[in-house]
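**Q** Below is the sequence, then the predicted model.
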Amino acid sequence: MSSKVTNWILTLCIVGIISLFSNWIGYSVMPIDATPGILALMGIALLGLILRDIVPLNIPSIAYIGILGLIITIPGVPGSSHIVEWTEKVDLLSLATPVVAYAGVSIGNSWADFAKLGWKTIVVGIVILLSTYIGSALVAEIVLKIQGLA
């Protein structure tokens, strides 16, 4: 299980870093302001993934992640106001792009195996992730301007 957790942490760190930059570029939220929210979301996701392996029920990790997120943001739960305040600074679309891009990369098994392919492959992967985000943002901006919403 330790190699699984290591791979999950590595994946969450990569997605978190890309999300910080996406949030900064697309929504003008400075990375230092969004970091607590990204870290909170990464922690919730990691805990949900671990729970999926520990709890002997056949429930997908997304259910654990959703339930954890719901519970820790209920008003009155200690620290919930901080979690809500931190995560409000992270836009959903800044999270969606790297997650969807990772889904495509995950076909290759794991980030550790992906990294073994060499530094040039990592650079190409980063360029693909960034260009996917920028392309998506441009299309969204054009559509919003056509609709008169931006």
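**A** Alright, I've got the coordinates.
**Q** quick one: low-confidence ranges for the chain?
**A** 1, 102-115, 150 (pLDDT under 70).
**Q** Test my guess that residue 77 contacts residue 71.
**A** Yes. If you go by Cβ atoms under 8 Å, residue 77 and residue 71 touch, sitting 6.8 Å apart. For every residue, glycine as well, the C-beta is placed using N, CA and C.
**Q** for the protein, what spans make up the helices?
**A** 2-27, 31-54, 61-72, 80-87, 92-105, 111-116, 119-146 (DSSP state H).
**Q** Need the ones you listed in JSON lines (columns: mean neighbour count).
**A** Below are the helices of the chain laid out as JSON lines (neighbours: other Cβ atoms under 10 Å):
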{"stretch": "helix 2-27", "mean neighbour count": "17"}
{"stretch": "helix 31-54", "mean neighbour count": "17"}
{"stretch": "helix 61-72", "mean neighbour count": "15"}
{"stretch": "helix 80-87", "mean neighbour count": "15"}
{"stretch": "helix 92-105", "mean neighbour count": "16"}
{"stretch": "helix 111-116", "mean neighbour count": "14"}
{"stretch": "helix 119-146", "mean neighbour count": "13"}
